[in-house]
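In: The following comprises the amino acid sequence and a computationally predicted model.
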Amino acid sequence: MEDLKVLMTKYRRLETERLILRPVTLKDAEDMFEYASDEETTYYVFDRHESLQKTEEAIVNYFISEPFGKYGIELKETGKMIGTIDLRVKSQDKRAVMGYTLNKQYHGKGYMTEAGERLLSFGFDTLKLSCISALHDERNAVSGKVMERLGMTKEGTLRHVAKWKQGEWFNDVYYSILKMEYDEQQTHKK
């Protein structure tokens, strides 16, 4: 069996009808800063970027230094990067965790579900993973709706995961989908 990192290197660009999932580069800094500097977009995910330089540092330290499974979400129509999505693979047990962020100007248009479906297909059909999971801050119900549209099952709530910005505890809601569940969904779509 081919090494997962080798496979992930071969598939650095994935496409859907409206989107291109591709490596994030420093050329994306302005597009990323547009949403990474927005408190509403970043509230449940990461600290808001105070400057374009902070966004450039995040791109270098997170997306470029360890690029495997990390994608910018680009609109085919305009070439604009509107968010990111990643698949953090644990090769020893064929599992992965999906994470994502989307510019709020593009919410409600189905882009994250479309990108998530493509990443599930890549994870199960190409990487031959057994399970893909995702989690969201309990207060961010919209993210949970995306996970449900992807066919994931809510498994439970991880209570008091960490302390939030204001020192309050927060909970994460955990979802997952197994390969056999994904295969069954694909059969029903045909």
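Out: All right, it came through fine. Residues are numbered from 1 along each chain as shown.
In: and residue 23, backbone torsions?
Out: phi -60, psi 140 (degrees, to the nearest 10).
In: Please apply the same query to the one 5 residues further on.
Out: Dihedral pair for residue 28: phi -90, psi 0, per degrees, to the nearest 10.
In: what's the answer for residue 74, then?
Out: Per degrees, to the nearest 10, the backbone of residue 74 is at phi -110, psi 140.
In: what's the pLDDT at it?
Out: At residue 74, the model reports a pLDDT of 98.
In: ok, now how distant is the nearest residue to it once chain neighbours are set aside from residue 109?
Out: Spatially, and ignoring its direct neighbours in sequence, residue 74 is nearest to residue 20 (4.4 Å; C-beta to C-beta, 6 or more residues apart in numbering). All C-beta atoms are positioned from the backbone trio N, CA, C, and that covers glycine. Residue 20 is 16 Å from residue 109, where distance means C-beta to C-beta, to the nearest Å.
In: now do residue 67
Out: Residue 67 is 27 Å from residue 109, by C-beta to C-beta.
In: So between those two, which is more surrounded?
Out: Between residue 67 and residue 109, counted using other C-beta atoms under 10 Å, the more crowded position is residue 67 (16 against 13).
In: Assign that one to helix, strand or coil.
Out: Under the three-state scheme (DSSP: H, G, I helix; E, B strand; the rest coil), residue 67 adopts coil.
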